[in-house]
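just the structure for this:
(chains A and B)
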Amino acid sequence: MVRPNVQATSPNECAEVDPDEIQAAKKILAALIAAVRNYSLYPTEHSISRKGIQHLRNSLSEIFQYEDNLRIEISKDGLFYKKIKIYQPPTKNDPLVTPLFRDGILWIAIFEGIEPSELELFLKLLADTRLVTDEAECDVVTALWKANLPHLRYEAINSFWESQPQFDFSHFKLGPEAQAQAKDIHEIEPPPKFLNDSPALNIKKSEGRHKFFELTAIENQLLKKIISKNNEAEDIEDVISILMILLEDQKTETDFIDILDFLEHELKLILANAHFDLTHALLEKIKQLICDPSGQFSWRNKLIHDFFFKISLDEILEALETGLSNLKPTDSNQILSFKRVMLMLKAQAVYTLADLLLKLPSRTLQILLMDIIKTLSLQDLKPLERLLDHPNPLLVKKLITILAHLRSKRAKELLSRLMDHPSDEVRQKALFWLIKRGELPADKVLSLIEDPNSNVRAQVFEQMGREKNPIYERMLRRYIEEKKFRINDSGFLMNCYQALGKCASNESLLFLEKKLFPRMSLPLVSLRRSLHRQGAALALIELQTQDAKQILNKASRCFYPPVRRAYKRAWEFKLGVK
Amino acid sequence: MKLNASDKRIGTGKLILFEALLANFYRLIQAVKIHTSTNPIVAKSLQEFIETVHQLASDESRLTIRIMDGRLFFQEEPLNYRSENANLIANVIQYFEIRRLHGLSLSTTLQLNEHAALLVFATLLNASVSQDNPELWLEQQIQKMNFDWVEILHEASPKDQTAVRESHATNRSIPSNRSRSENARIESGKNAYVGTLTALKEIATHVTSSRPAGARKALRTVQTMVDLIMEDEIVLLGLSTIRDFDDYTYVHSVNVGILAMTLGARIGLSRESLEMIGITGLFHDLGKIEIPLDIINKPGKLTPDELEAIQKHVLNSVRLILKLKAPRDLKSKIIIAPFEHHLKYDLSGYPRTNHKKPLSLYGRIISIADVYDALTSPRIYRDKEISPNQALEIMVKGAGTDFDPILLKVFIKMIGIYPIGTLLKLDSGEIGLVTESSEEIDPLRPRVVLLESAGKNAFKRGKTVSLSEKNFKSSAYKRNIVGSYHPCLYGIQPAQYLI
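Below you'll find the predicted structure:
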């Protein structure tokens, strides 16, 4: 069909149309074009897109004062309303004229009563089909047909052929032999036995022929059932099983890749629908294709490996968010299938699974995911390692728990590295696990006792003071000796002395005695010195050796009041008396 | 009665309602024709029809449909329907013309509790086709039933007719005995047929040369076919009788698509499902393009290797469908039936699988359409051509094993015991091609277009007659069938005479 030209109206006819009506039509087009642009740029839920729809609706209400529909005729040069050109595309790639003309739309009419949802669909399909290549998947016309919008009508021609294919019976040949052997009309043979009383069709003249091909009530019911099953049924299982048969049959790399590509998409669907049994069966079958004793299809191995890599990426696994929300934590079979599927993936899956850890409210599922992440991380720790830099401390904390269960040098290193994490919670969690694993690195301890977070510091002091430890003892002695404490660091200093006392041996007695008792070379009254004196007394209390007790006894009876006072305050500190 | 022939413009809103009323009316009579009164499709059609009547009730106390000179008058005014409804209007006109009815008038006070009465009336309307004087018979029935809400219209007076003819002369430029809308519908059908065929061939060319092949064109033409089938299946069913030796696979695929969509429409599938099944039909044999033609056209028995190559086309079709540039969701939906189309209802056939589930609905439909078209296509390896009704006989033997028995029943009801395109020899010495199954009257007495000899192996289209026509005096049938044949035996391309 050839596109007819839109005949612009003569000035006389033009005069018959109310100028306000023309203005209203122009306004709608401006709103429509703006709305299509917005739909191409922003998501449908975006406020700009929504505003565009609202503006378009308002504009449409104006034209409906004149007509019950807005019918726009489309030409290459512009858009016409009542034969009057109301829009001239400013560029060759106009968001409205170009796709409508390209796809053969002759006219399009929007009727009064159009629902916002219809407008949204219309705009979306215009935006989606704006750029259509020669071999594109759909166009405006096919999309409009599918959308079947009740308040939108259009007429289209087939515009994709330069010249419309012509129907001509002479193009259809019955075949050289059929033509040559065609019998003369008068040579028709006597009739073969046929349907008048055909036993096959079981039609007897005496029977009600009208009714023979009427479906019985039961058949009607059965048919209804088949149709409703067809409407409701998920074909995915059948599709997967066909694709597997097809995959197995492929002899060339290109075809094999094509089918694997398609399977990726299907996999996403089955994951979203929580068909984990099916997914597992599918992946198992694909893996089986690696085993090729003949070696004829060894090229499959790399392709299958790549396939498993691809399906371990977020692009596919993001479907799990929907799938897992449909998964009942009490359904142990499904849980098991899910776990089996996940364990067949590559470690890259950890990125998506970790993301899901934050999204899933079910504790059972969270534990399951953590277990899967742990196992996948045994393959390759890198994804988990990268995720430790995630800005959300909640996730990092969960990952620390997983990491803590990995007995590897790298896991220990990563946990130690986390002691520099900006989040207090993360450092605490990492410290907790380092301590629990007995892997708190000595070289980190001094920096940790200066951690800005008091809980971390307390944890470190507690850890240091848990048992006699000559390393910590020397470390703390040296620290106390060298560190320039400020007056307001009294609590911290007490903690240092207390930890020292707990981890120390008699080797520190001399150091503590020196700190406790006055030296003639130094002024007796000094606030800083009195703090050290008090700390030393506290360390001696915690040391609990006979020698320590003797020194304390000496201090309690010392001539110098500051020493006695230090002794007294140390006990008060120890006993928590202010 | 005076016909108002003025060019008063009906508002578009009202026009839509009028068209909706006609659409619902047509849907209702078709549904009643096909289904029993308890069928939900019938109930839905009835409900929608009554709703439209009520919508019009505020402005009109009676609704009048009149057919005159191949045009439809609504409320005694020519209906300037929109072009997209041309097929619908043509169908309504044809419906009345076949029954020699001039129109009817319906009260808008029709109540919901008159559902049953409306159903009876729709059944009577359908049944009137077999009456010698349908108009009179209908009037008698209406009187008997006490249906005071409906009136059968008589032929307009010559004076009124002249007035109308003059005022609409400019609109009647087609001199044929067909109404303009019928011609438009046929043109639309032909365009869709050749468009689909071209699109399919383009896809095949692209696929064989490993170029990307988009399904957009095929989708577009299939959508047009769905619209045509939903309004009137007869044109496309007529076109589905086209046979082509050289391009067998392509023509066969288009025909299977048409037959499958029509069967789908008969069982009440949605337009989206019909689109899917149409595309499925179109692509079900795509894999055959990879089979060497000398195997496809081999006259003798195939070797095991050749047989394997033929059977491989099923998987090849699926593979090639996956390669199409089409939405993935669409491809997922259309691969099952091509995979299943050589699997039988009892799951025998090929490809051999561990498949234990029953075949899909689309698979069952495509299988019926595929076998019917294949059996009725002249093939070089076949000793003797099988006439369409013989093909049905063969298929009926496979009901329940090869084919879904219920769908096969619907299929036979759809195309008739003497399917459209069957060549019949009549005891009158005439030969005719079946144009339509007269299932309402007698499935064994279809309507036929008579073929008149125009030299050796040449024919011209004669008049269309119903084999139910009886001799007025003797009450005997005017024509009886003495034989049925495959039209190809006589070099006849049925569609050429049917549309």
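
the bottom helix or strand of chain B by mean pLDDT?
Lowest on mean pLDDT, DSSP states H and E among the helices and strands of chain B sits helix B:158-167, with a mean of 48.

beyond that helix, next helix or strand please.
helix B:180-208 (DSSP states H and E).

now that next one: average pLDDT?
The pLDDT scores in helix B:180-208 average 86.

elements contacting that helix?
Contacts defined by 3 or more C-beta pairs under 8 Å, 6 or more residues apart in numbering or on different chains; DSSP states H and E place helix B:180-208 against helix B:86-98, helix B:216-231, helix B:234-239, helix B:248-266, helix B:271-283. From N, CA and C alone the C-beta is placed, and that goes for glycine too.

nearest to chain A, of the ones you listed?
helix B:216-231 (4.5 Å; C-beta to the nearest C-beta).

now the angle from the closest one to helix B:86-98?
30 degrees (axes from the mean of the first three to the mean of the last three C-alpha atoms, to 10 degrees).

and the helix or strand encompassing residue B:294, what's buried?
Element membership for residue B:294 (DSSP H and E) is helix B:293-296. Neighbour counts over helix B:293-296 (16 or more other C-beta atoms under 10 Å in any protein chain shown) mark residue B:296 as buried.

same question for stretch B:93-102.
Buried-residue list, stretch B:93-102, by 16+ other C-beta under 10 Å: B:93-96, B:98-99, B:101-102.

show me the shaky parts of chain B.
Scanning chain B for pLDDT under 70 picks out the ranges B:1-13, B:69-70, B:82-84, B:86-87, B:111-113, B:157-182, B:380-383, B:438-441.

tell me where it has strands.
In chain order, chain B shows strands spanning B:62-68, B:71-74, B:77-78, B:103-107, B:150-152, B:423-426, B:431-436, B:447-453, B:459-466, B:481-485, with DSSP state E as the criterion.

could you export the second one as PDB, CA atoms only?
Extracted C-alpha coordinates of strand B:71-74, given in PDB (Å, rounded to 0.1, in the frame of the first residue of the first chain):
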ATOM      1  CA  ARG B  71     -24.100  -1.100   2.500                       C
ATOM      2  CA  LEU B  72     -24.900  -1.000   6.100                       C
ATOM      3  CA  PHE B  73     -27.300   1.500   7.500                       C
ATOM      4  CA  PHE B  74     -27.400   2.200  11.200                       C
END
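
still on that earlier bit, let me have the strands of chain B in TSV, extended by mean neighbour count.
As requested, those are arranged in TSV below (neighbours: other C-beta atoms under 10 Å in any protein chain shown):
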stretch	mean neighbour count
strand B:62-68	21
strand B:71-74	22
strand B:77-78	20
strand B:103-107	19
strand B:150-152	18
strand B:423-426	22
strand B:431-436	25
strand B:447-453	20
strand B:459-466	16
strand B:481-485	21
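
out of the ones you listed, flag the one nearest chain A.
That would be strand B:481-485 among those, by C-beta to the nearest C-beta, at 2.9 Å.

quick one: that closest one near chain A?
Yes. If you take C-beta under 8 Å from any C-beta of the partner chain as the test, strand B:481-485 does meet chain A, through B:481-485.

hang on, the earlier thing: and which of the buried residues of stretch B:93-102 is nearest to residue B:357?
Distances from residue B:357 to the buried residues of stretch B:93-102, taken as C-beta to C-beta, are shortest for residue B:95 (41.4 Å).

next, the contact list for the closest one, please.
Listed by C-beta atoms under 8 Å, 6 or more residues apart in numbering or on different chains, the contact partners of residue B:95 are B:26, B:29.

repeat for the one 3 residues further on
Under the criterion of C-beta under 8 Å, 6+ apart, the neighbours of residue B:98 are residue B:129.

where's it relative to residue A:282, distance?
Per C-beta to C-beta, to the nearest Å, residue B:98 is found 55 Å from residue A:282.

fine, thanks again, bye for now.
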